[in-house]
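Q: compute the structure for the input listed below.
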Amino acid sequence: MEPFLIAVRTVHFAAAVSLTGVFAFACLIAGPAFRNSGARLADAGELRRRLAWLCWASLAVLVASGAAWLIAVAARMSGRPLDAVISQGVLAIVLLRTRFGEDWLARLVLAGLLSLCLATRRFRYPGGSAAAAWSGFGLSALVLGALVWAGHGAADLGVAGDVHLAADVLHMLAAGVWLGALVPLALLLAEARRAGDRRWATIARAATVRFSAVAVASVATLLASGIVNTWFLAGSVPALVGTDYGRLLLLKIGLFVAMLLVAAVNMLRLSPRLIDWASTRLPRTIAQLRRNALVESGIGLGVLAIVGVLGILVPGSHTEPRWPFPVVADLAALPAESRVLLAVVAAILCICAVAAVASAAAGRYRRAAVAAGGFAFCLAIGWLPLRSTIERAYPTSFYAPTELYAADSVVRGAALYAANCAVCHGATGHGNGPAAAGLPVRPADLTEPHLFAHRPGDLFWWVGHGRANGVMPGFAGVMKASERWDVINFVLSQAAGDLARQVGPKVTAAAAYPVPDFAFESAGVQDTLRRELQKGPVLLVLFAAAAPHARLQQLTAAQPRLAGAGLHVIVVSLAGPQKAPEGGAPTPVMVDVSADVIKALEMFQTAADAGETYLMLDRGGNVRARWTAAEAGGLPDTATLVADAAWAARFAVAAPSHAGHAH
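A: Residues are numbered from 1 along each chain as shown. As a prediction, the model looks like this:
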């Protein structure tokens, strides 16, 4: 079913593009070219008939392939064979109860109106009258633009979804105008070559110039809308090079560049030769232009075939990217001035590349060589700061965790760690397990700060496949992928708890370590730490035993002022659920948590804290300040908490990764 669906999608897109291109050619290119040369398109009987035939054939293929597409989608949705889809009423359900069906019906109505327009004697031939041409152009553009509602562009919601949808519509229309007009242009050039007179040479020249102008506008639109679409559907270099969707998108971009190269030769080298109509090279030039137009059209058909495949694949931004290279450049490690330099160099690289291609296409090879030299020089300049960022990478380096960094995952990971890792790395992760003394290389200390500098995907690879030194074995055959993520979450939580003890009572921009997410209940309402962090910083208070009632009353009294500063207070008793004192009202800041949450939060308190620990968390859940009852300065007062909350709120929250959430 998949090959059939891809085939009918490709044919349908090609027919819609061709239909739009015929009318675009008549309105924007052929009509003005004939008027400027003193002739009329209606006088070109053979060209008019061929354009009309192409228009009717495109419309017929559009309707037939649309019907086949509907049947294929209905079979895919229902899981039934094609004959059952047709005979058991599945088509009616798809048509009337799905967005695809509504879009399909809209396109069918537009195709019907277009056929009526063409069937009317007055509107028989595109270009036969201005009204006929522009009416057909408008209807065919609506048919083509409506196709985006059957693709990924209609899946996003909100303002971002509107931007993506608008970019998709513009992308589709620009492709229709440029790519769809290539075959009509080839037909006009064939007629000019056959006629071989000055009038047709003038028409060919005018049409080619007009087509070049339209093509430049279309290419600019395709580039701008393509960047937007790529951002939404891939969004990152790993998604482009590490997913099937991304690699097909790169192939599509490569074919698009090939079309640009052919178009550049037509516009910069061949079109200027049409000025000399008396030249003996004129017939050969027209033949070359026609051939290149057909070559562009063939490459464009390959682009449409890729579009047919992309429409049934999960976008790269929602797929795990498998990194294909042994190294990667970590641009985030560069200072700001180096990143600015790289951006400038990249812009100059693009300019040099365009200049080299344009000069070569125009036959100015010396200029092309100079531009190519500038390109090579910029590459060398860019490599100087870039080489220091090159580091080892793995196929899973850009995987995102499929198990959230949360208390339940941490507790599951603790059991797996104890069974598989503690023998070498030790129960507390310091690399001092029972087997460590007999190993040629000491196991890594899993509480070192550099643990948080590694990508989660790198950690996932090491847990699954071991380390290169051969001492650490891989556990891919022992633990499922979700279990490996649980172990990683436990190791990170254990390290964060250990390192957070070094955080002082002053909020700073130094490295901070995250508390795992957890669920809690307050006054009968379920909530999570992450949802509270979306509102602002959180003061997490941990009591080793039952919380003193006086302390709870102090926190409760301070809560209105703290809430006014955007700071939410969550108090957890690690001794278990705590009831309100006899005759007293429940304390709002006190929450109830599960045993798993208690186990996870115990990592962030020690016996040296004298039973009371305050953690100031920024909006990313990182510990930015820490106070304990045992410290000389004691616990913070309300004014200190208000001031520190303002500082903690200024730290940016890392953007969420889209990878690891395939759907």
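Q: pLDDT wise, what is the closest residue to residue 206 other than its chain neighbours at?
A: Excluding its sequence neighbours, the residue lying closest to residue 206 (Cβ to Cβ, 6 or more residues apart in numbering) is residue 33, at 3.8 Å. Every residue, glycine included, has its C-beta placed from N, CA and C. pLDDT, residue 33: 84.
Q: now the one 4 residues further on
A: On the pLDDT scale, residue 37 is placed at 74.
Q: and the lengthiest helix in the chain, average pLDDT?
A: Across the chain, the longest stretch assigned as helix under DSSP state H is helix 198-233. Average pLDDT, helix 198-233: 88.
Q: likewise for stretch 97-111?
A: Across stretch 97-111, pLDDT averages out at 85.
Q: how far does it sit from the chain's center?
A: 27 Å (Cα atoms, centre = their mean, to the nearest Å).
Q: for that stretch, buried residues please.
A: Buried residues in stretch 97-111, defined by neighbour count with 16 or more other Cβ atoms under 10 Å: 100-101, 103-104, 107-108, 110-111.
Q: make a markdown table from those residues and add distance to residue 411 and secondary structure to it.
A: What follows is those, written out as a markdown table (distance: Cβ to Cβ, whole Å; DSSP: H, G, I helix; E, B strand; the rest coil):
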| residue | distance to residue 411 | secondary structure |
| --- | --- | --- |
| 100 | 43 | helix |
| 101 | 47 | helix |
| 103 | 47 | helix |
| 104 | 50 | helix |
| 107 | 53 | helix |
| 108 | 56 | helix |
| 110 | 58 | helix |
| 111 | 59 | helix |
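Q: tell me the contacts of residue 409?
A: Counting by Cβ atoms under 8 Å, 6 or more residues apart in numbering, residue 409 touches 403, 485-486, 489-490, 516.
Q: now the strands for the chain?
A: 327-329, 390-392, 513-514, 519-522, 525-528, 538-543, 568-573, 612-617, 622-628 (DSSP state E).
Q: residue 481 - nearest residue in space that isn't next to it in sequence?
A: Nearest to residue 481 is residue 402, by Cβ to Cβ, 6+ apart, at 6.7 Å.
Q: then residue 489?
A: Leaving aside its sequence neighbours, residue 489 sits nearest to residue 409 (Cβ to Cβ, 6+ apart; 4.5 Å).
Q: which strands and helices sit next to the longest helix of the chain?
A: With contacts defined as 3 or more Cβ pairs under 8 Å, 6 or more residues apart in numbering; DSSP states H and E, helix 198-233 has these neighbours: helix 31-36, helix 158-180, helix 182-195, helix 244-265, helix 282-310.
Q: just those helices: most buried one?
A: Ranked by mean neighbour count, those are led by helix 182-195 with a mean of 22 (mean count of other Cβ atoms under 10 Å).
Q: tell me the mean pLDDT for that helix?
A: 89.
Q: the contacts of residue 409 in helices, which ones?
A: 485-486, 489-490.
Q: closest one of those residues to residue 648?
A: residue 489 (23.4 Å; Cβ to Cβ).
Q: give me the pLDDT value at that closest one.
A: Listed pLDDT for residue 489 reads 96.
Q: that one contacts residue 408, doesn't it?
A: No: using Cβ atoms under 8 Å, residue 489 is not in contact with residue 408; the gap is 9.4 Å.
Q: what about the two, which has more around it?
A: Neighbours per residue, other Cβ atoms under 10 Å: of residue 489 and residue 408, the larger number sits with residue 489, 27 against 20.
Q: give me the distance between the more buried one and residue 575.
A: 25 Å (Cβ to Cβ, to the nearest Å).
Q: all helices for the stretch 401-550 of the chain, in order.
A: Using DSSP state H, counting those that start in this stretch, the helices found in the stretch 401-550 of the chain span residues 407-420, 422-425, 456-465, 481-500, 529-533, 549-564.
Q: nothing else from me, thank you.
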